[in-house]
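Asker: structure here, sequence nowhere to be found:
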């Protein structure tokens, strides 16, 4: 009888349920989400630097746009990290890991013109878009409609911002 009580107590300690997904089913999604988060972190840092260092005739417009962008990115990072938590995993990336994993590279904003900054944002969007596609593909393969929808919403916003910054460059 003691062994049954012990097993019951052990099983009640784990109150988290992975919504039907196993660790192996979500592993590819989590890896893809972490890669997206790493790229978002570098992109976020660049946007902060662009916000602080933009100058010239477009200062007021771009100063505000870069701020809007980094605030959106900050919110998206949080949504992605919380999605990883849904799968029972604690997201954790050191700055070194972020820089090692990220395809987006740092930039010396203080040396860049406004147009160079915007072109960097557009290049980052391309990388982020590809990382989002990786997450969607992993989610579709697993049947994870929620992650697919989250990323689809992010992509819709990213594509609109890409169009706007591209139009600004003309």
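Answerer: Cool, got the structure. Just so it is clear, the structure is predicted and the values come from calculations on it, not from any experiment.
Asker: please make it C-alpha for all contacts and neighbour counts, starting now.
Answerer: OK.
Asker: quick one: the strands in this structure?
Answerer: In the chain, no strands are defined using DSSP state E.
Asker: so where's it uncertain?
Answerer: Residues of the chain meeting the criterion pLDDT under 70: 1-19.
Asker: recalculate using a threshold of 80.
Answerer: Applying pLDDT under 80 to the chain flags residues 1-20.
Asker: so how far is stretch 43-51 from its chain's centroid?
Answerer: On the basis of CA atoms, centre = their mean, to the nearest Å, stretch 43-51 sits 14 Å off its chain's mean C-alpha point.
Asker: same question, stretch 107-119
Answerer: 22 Å.
Asker: next, name the residue at the spatial heart of this structure.
Answerer: Nearest to the mean C-alpha position of the chain, counting by CA atoms, centre = their mean, stands residue 37 at 3.6 Å.
Asker: who's in contact with it?
Answerer: 77, 80-81 (CA atoms under 8 Å, 6 or more residues apart in numbering).
Asker: at 6 Å what do you get?
Answerer: For residue 37, the contacting residues are residue 77, taking CA atoms under 6 Å, 6 or more residues apart in numbering as the criterion.
Asker: quick one: residue 159 from residue 111, how far?
Answerer: Using CA to CA, to the nearest Å, residue 159 is found at 27 Å from residue 111.
Asker: comparing the two, which residue is more hemmed in?
Answerer: residue 159 (14 against 10; other CA atoms under 10 Å).
Asker: the more buried one and residue 152: what is the separation?
Answerer: Distance from residue 159 to residue 152, by CA to CA: 10 Å.
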